[in-house]
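Trainee: let me see the structure of the following:
(chains A, B, C and D)
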Amino acid sequence: MDLRLSKEDHAFRDEVRAFLAEHMTDGLRRAMELNTCFINEPPVALAFHKALHAKGWAAPNWPEEFGGTGWSPVQRYIYESESARVGAPTFNDQGIKHIGPILMKYGTKEHQDAYLPRILSGEDVWCQGYSEPGAGSDLASLKTRAVDEGDHYLVTGQKIWTTHAHFANRIYVLVRTNTEGRKQEGISFLIMDMDLPGIIVRPIDGSGGDHEFNEVFFEDVRAPKSGLVGEENQGWEIAKYLLEYERGGNPQAARVRARLSSVARLIKRYADDDPSLTLRLAEVGTDIDAMEMLELTLLSDLQSGKNPGAVSSLLKLRWSAMQQQLAELALDIAGEDALRWESGRPLYESLQLPPDTEEMLGIGPRYLNYRGYSILGGTSEIQTSILAKQLLGL
Amino acid sequence: MDLRLSKEDHAFRDEVRAFLAEHMTDGLRRAMELNTCFINEPPVALAFHKALHAKGWAAPNWPEEFGGTGWSPVQRYIYESESARVGAPTFNDQGIKHIGPILMKYGTKEHQDAYLPRILSGEDVWCQGYSEPGAGSDLASLKTRAVDEGDHYLVTGQKIWTTHAHFANRIYVLVRTNTEGRKQEGISFLIMDMDLPGIIVRPIDGSGGDHEFNEVFFEDVRAPKSGLVGEENQGWEIAKYLLEYERGGNPQAARVRARLSSVARLIKRYADDDPSLTLRLAEVGTDIDAMEMLELTLLSDLQSGKNPGAVSSLLKLRWSAMQQQLAELALDIAGEDALRWESGRPLYESLQLPPDTEEMLGIGPRYLNYRGYSILGGTSEIQTSILAKQLLGL
Amino acid sequence: MDLQPTEEQQLIRESAEKFLADRYGPETFRALIDSDARWSPDIWNGFAELGWLGLPFPEDAGGFGMGPAEVVILMEQFGRVPVLEPYVSSVILCGKLIELLGTDEQRGALLGEIASGQLRLAFAHDALEGPMTVTRGADAFLLSGVKRAVHDAPMAEIYLVSCTLDDGTVAVFSVPANAAGITARSHNTLDGRRLSDLDFADARIPPEARLGGGTDGRAAIDEATAWAITASCADAVGAISAMVEQTVDYAKQREQFGQPIAKFQVLQHRLVDMKIAEEEARASVLLAALSLDGDAAMRERGASGAKAKVGRAARFVHQAAIQTHGAIGTTDELMLGWYAKRLVAFEKQFLPTRRHLGRYAEIISDPEAAAAPLLREATA
Amino acid sequence: MDLQPTEEQQLIRESAEKFLADRYGPETFRALIDSDARWSPDIWNGFAELGWLGLPFPEDAGGFGMGPAEVVILMEQFGRVPVLEPYVSSVILCGKLIELLGTDEQRGALLGEIASGQLRLAFAHDALEGPMTVTRGADAFLLSGVKRAVHDAPMAEIYLVSCTLDDGTVAVFSVPANAAGITARSHNTLDGRRLSDLDFADARIPPEARLGGGTDGRAAIDEATAWAITASCADAVGAISAMVEQTVDYAKQREQFGQPIAKFQVLQHRLVDMKIAEEEARASVLLAALSLDGDAAMRERGASGAKAKVGRAARFVHQAAIQTHGAIGTTDELMLGWYAKRLVAFEKQFLPTRRHLGRYAEIISDPEAAAAPLLREATA
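Mentor: Below is the predicted model of the structure:
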């Protein structure tokens, strides 16, 4: 057992670092540091994405035949980790990480030709219409109806928690096409253009002051049947494939380490005299070490062609907790200064202040937003119940 | 609202303090400080109990007609608190706090005349036969059978977790007299002499090294019918009355405060340089303050003749946690010295060491034994579920 | 020993419940949050009419002579709204400071105006650091420097400003907000209120503006601060209790997997833990309140103990309440988000939770102090 | 980057499982616990036959040249018994110290005897304080003073004793346990093992008994201690994993209220948290093991990080396991109580959890160190 990179992987890491050093401009770094949301807003990332696209690195997780990089698991891990370590933005993860893989597996040739290149190029921004007001953790009880009207579906209903619907020009939606039998069996997977008449987007104000989520209403939307992915009523299977992707597909260690490092910097600057804060930092540090080892074990399994087993819920559960602990620790370090509130968003556009004053203004919003880590994408309670089955056979 | 004692109560407190100052000898104090169990062993307390009895204070919770003190709720609180504060022992709580009140409410005149004076005088020591190997939290599923054989019951079965059965000459037992209908409805309450043929006591070694608990086997024991308390099959009602008594009937604040103070002394002596330990002590201190206020609110309600409501589960749950936290904190203060193990019991008889070396040897056993606080007398999980119903209507 | 609420205390609670339910519902709160001022003169007048603005002042100074127990009963109801108006700043912190430190003349001039609703004050104290310089001129003090994060300053007509003089005594000056030489830079706060950083540039303060003549202000500042901490702890208990109540209600009606989520044992137990945290927090506020008439050590133990305990409860409860609500809990769609922000702000005001725990730790690490029962000697 | 166990590593694990299942069941454990010696020469010889007593030593010194990964695999199985024999003291701590510090001659004389099972050692080091005085005589060192709490000393034939000399260097002496001038007072430990307090009264130590001639022993002591900490963390992971497994099994079969208690959601979630703690603890031990071939900073980060993390897991798991078992969990009727005691003892040996957390905190509070990924550069 060994944690050393091979010479080839090490050289690849150097190449990634060189790319990042060139394209992470000061402005981009500041914008990312002042980001208080889970993900960055698409406009921030567009220029960076175009540089990636020009280098052929727009889709690290896609096979070469679809314009991806065709990287090995280790290369992909290195790329994602180095990007996260320097705080590089992501552009349209819903396109690249989610609907892209879905279309490669379940889409027609027409779907693939129409959508995949526009995801790579950055022309299309996607959002995901899954959750509904009455269907959160219990996703399968969703009610948005799609009624077959010959050449189109008539879609009525409501989605909620739709991240960045206000930036997206495409949406993929789970709709109910059958109300009989098991609720999982009447769900279909449908893609639509956001400018279809009857699609209405209403913002949801996060208590951290950010507009990240939306409600999306479908009022008698005539959705072309060409948007059906897979078979009718096959949507649950497709969504499960995607959820699996969502919950464990991406290495998080470097991302959480970057936050650890930035909180370490906060302590040095503002609270060097309080050992209780440093000890809390250290506890999270040991947690990250352990989880990174589990992540690397998963990577090692993948690399050896093994089935990595049921760790995606475990990783989601634990990384969420660490992100929250670090945001909470930052709040405690900041003292009363964290009470000052700037309501303009994005912060990098609203603020004109010295760097360390700016930095304080992100701490409160981030603490509040990050409470969502243990909720969105499957609550910690749900993940724990999944693990009770998967890990312990309960 | 006011926390000041009335002049009369204040004078009473002085009287209690004077009594305790006289009868808490150095030897008794040492024995109590080296006690690592939940309760003290009866022999330690006998002399002290006789002094109490001589003063008419043997049964602070009994009405005067049965030889009790007839104290007001506040006086009783003061007495219990002052006793706990100086670490005074209790003698045969099972007699005075449990079976005594039961017999006053459910016993015949014969029961009362036969048993109550001998509890007061210290001649009788009682133990409680409730739990069984398969009936812990789910007490009502108990299986020990008592079959009516005319002039006696034939009792067969097994009890477990019987505290101090090896000291007791009497036992009160829940037995099954009916196997039909709801399981609660076939239970009777029976008292027996421990020297009846067929009663066998087997010690259970606690992992803290103490012998506090026992299994009690009933092998065709012929128990006189005169031992039936209340009606046949009324046992569950009687036990519930007693459980209510057990779970909230006694003020705990002073007892836990005494431990807080002793842990504060440990920190001063061994770990003055580690602020993390002092902060943990302080957290428990604020917890004790809050719970003592709730206890005093209960007392105030009692004093005004109000029904105090459902707080006994809450008090049990929280005091247990605090006792455990303090035992854990002591363990952390003690460092490697707490690894030295003296297996002789009681410690005050086994040890001949300087006082602060002695004190170290109680810390490990106490930590281990005190894990039982959140288990015995109703687990914390059960208490929490009771509170979900009582406090929140869930 | 008596912890039963008096009839008067019950009346205060009931009238607060009624007034706030009638006049200060979520719509009113949201309207104020969307306003620049972040407070309502109309509501403030209502408080005055009900006698709340003079509640703890002596009757001879236009007040109602009520004690800490009455204040915490009222404050808990305020926290359930949560009330945005500067009650703690004006009435408790500055009002008590004037009462404790001021001359009869100063008390007469100021307390009555507070009680009648005409005057609001803010305390420019900056307990963490005091970068002020004071020069004693011929006929006035000259103040220069900065007071940061003065809560509720934007709605105050008078600032009380603390300064250490050259003789080492601490002076508290009563200064009109619009006095020459004072500039305020105002900010919104995380919980929807307002604060200012005050710049003093040779601001001239006449000697008679010093509270209490030549008396050192330290003891009065400490005592008034203990009152304010206790009041703000009670406010936090109000927010906690509203969160617990709303979370229990939500769990009973929100269905997932075909049943109310309140049926899930993990949630049941968490809700119980939240309720217990509420009860404990309330109990420690009562202890703090009943310690305010004691000596300085007792007051500090009560106030710091409550701040530490309520701070811990505040954090656990707001996090658990959000988690139990799920995604909706992370938004401003319900009042929940505002309670959470109130509690975050609570933890930071008057020094953070862990600093108070540290103060309490210093007291309790003395074994004698740790052993002392809460029931006190009868007064002679 | 490869974290797949090799075939050899799987073999070590399987042979350990088999040997311990056959030869070291609960009855054997209990018989040893009831004995005065608290270890079994027979078992020890079995270890020797399987090559475990020389596992990490170089092949030219009679060992098998295995690395830290193999050691932690074996130790985890030891922790599942839990093995009472002084493996960490003799083989890892003293063995590694001899390997790292000793001259070729000393390595030749001692390591082979350890590997063959003829020799057990204990390290008299007392990291907390060193109340020893050393006088350099004409032909010998004279040692006086006390070494407290020397673990496994009662079954050792040789003590390694650390001393600071007058020139400031740290010497480690290899001293026969029965040498004149040494008195041992032995005690049982909480987890059923043995330790001694050693009194030295002008004990004469010939110069050739000093390991490594004149070399300062500090670096070797630190490195050997990092090995021992890592090994003892792996042992704790074994005890943790046994507790988790037995608690899950118990919850599945123990019925209350008409169903297995494993059906209660609160218990299910706690069992999951226990299992996660186990996985995390094992992962951080692996990191510590794979850091032992790095520089001193990397070793310390690995070892202290693991001690802190496994310590936290150990406490949570043993408390949760006892609670889930109910009253039977507080007794010695099941093996559970012995695992709990093993884990309590683990936390205290080689400095307690919070001291290691403090060490790790010093490292990680540097933002650069905090940001560094675990994957390392390829060696040139």
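
Trainee: tell me which residue in chain C sits closest to chain A.
Mentor: The minimum distance from chain C to chain A, using CB to the nearest CB, falls at residue C:337 (3.2 Å). C-beta here means a position set from N, CA and C on the backbone, and glycine is covered the same way.

Trainee: what's the nearest residue to that residue if we skip its chain neighbours?
Mentor: The spatially closest residue to residue C:337, leaving aside those adjacent along the chain, is residue A:207, at 3.2 Å (CB to CB, 6 or more residues apart in numbering or on different chains).

Trainee: hang on, the one you found packs against residue C:343?
Mentor: No: taking CB atoms under 8 Å as the definition, residue A:207 is not a contact partner of residue C:343, at 11.9 Å.

Trainee: coming back round to it: what's the spacing between the residue of chain C closest to chain A and residue B:310?
Mentor: Going from residue C:337 to residue B:310 by CB to CB, to the nearest Å gives 32 Å.

Trainee: then residue A:214?
Mentor: 45 Å.

Trainee: now do the strands in chain C.
Mentor: C:121-124, C:132-136, C:141-151, C:158-164, C:170-176, C:182-189, C:194-205, C:255-256, C:259-260 (DSSP state E).

Trainee: can you put these in TSV and add distance to chain D, mean pLDDT and mean neighbour count?
Mentor: Below are those laid out as TSV (distance: least, CB to the nearest CB, whole Å; pLDDT from 0 to 100; neighbours: other CB atoms under 10 Å in any protein chain shown):
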stretch	distance to chain D	mean pLDDT	mean neighbour count
strand C:121-124	35	98	28
strand C:132-136	33	88	15
strand C:141-151	27	94	20
strand C:158-164	34	95	23
strand C:170-176	36	96	22
strand C:182-189	29	96	17
strand C:194-205	29	95	20
strand C:255-256	14	92	16
strand C:259-260	13	95	12
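
Trainee: which of the ones you listed sits closest to chain B?
Mentor: Relative to chain B, the nearest member of those by CB to the nearest CB is strand C:259-260, separated by 9.2 Å.

Trainee: sheet partners, orientation included, of the closest one?
Mentor: Using DSSP bridges, the strands paired with strand C:259-260 are strand C:255-256 (antiparallel).

Trainee: residues in contact with the strand it pairs with?
Mentor: Contact with strand C:255-256 is made by A:134, A:136-138, A:141, C:261, as judged by CB atoms under 8 Å, 6 or more residues apart in numbering or on different chains.

Trainee: with stretch C:49-57 instead?
Mentor: With contacts defined as CB under 8 Å, 6+ apart, stretch C:49-57 is touched by C:15-16, C:19, C:44, C:47, C:61-68, C:70-71, C:74, C:87, C:90-92, C:95-96, C:99, C:111-112, C:114-117, C:227.

Trainee: what does stretch C:186-193 give?
Mentor: Stretch C:186-193 has contacts (CB under 8 Å, 6+ apart) with A:338-343, A:364, C:32-33, C:38, C:82, C:84, C:86, C:151-154, C:194-197, C:338, C:341-342, C:344-345.

Trainee: which of the contacts of stretch C:49-57 count as buried?
Mentor: Neighbour-count burial within the contacts of stretch C:49-57 applies to C:16, C:19, C:44, C:47, C:61-64, C:66, C:68, C:70-71, C:74, C:87, C:90-92, C:95-96, C:99, C:111-112, C:114-115, C:117, C:227; the criterion is 16 or more other CB atoms under 10 Å in any protein chain shown.

Trainee: before we move on, the earlier item: any chance of the strands of chain C in CSV, plus distance to residue A:316?
Mentor: Listed next are the strands of chain C as CSV, based on distance: least, CB to CB, whole Å:
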stretch, distance to residue A:316
strand C:121-124, 46
strand C:132-136, 51
strand C:141-151, 38
strand C:158-164, 50
strand C:170-176, 54
strand C:182-189, 33
strand C:194-205, 38
strand C:255-256, 18
strand C:259-260, 25
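
Trainee: which one's more surrounded, residue C:337 and residue B:310?
Mentor: Between residue C:337 and residue B:310, counting by other CB atoms under 10 Å in any protein chain shown, residue C:337 is the more crowded of the two (23 against 13).

Trainee: wait, what's in contact with that one?
Mentor: By CB under 8 Å, 6+ apart, residue C:337 lies in contact with A:207, A:368, C:329-331.

Trainee: those in helices, which ones?
Mentor: Those of those mapping onto helices are residue A:368, per DSSP state H.

Trainee: closest to chain B among the contacts of residue C:337?
Mentor: The closest of these to chain B turns out to be residue C:329 (CB to the nearest CB; 18.2 Å).

Trainee: residue contacts, that closest one?
Mentor: Going by CB under 8 Å, 6+ apart, residue C:329 touches A:371, A:375, C:321-323, C:336-337.

Trainee: who in the stretch 251-380 of chain C is up against chain D?
Mentor: Residues of the stretch 251-380 of chain C lying near chain D by CB under 8 Å from any CB of the partner chain: C:264-266, C:269.

Trainee: since that was my last question, I'll sign off now.
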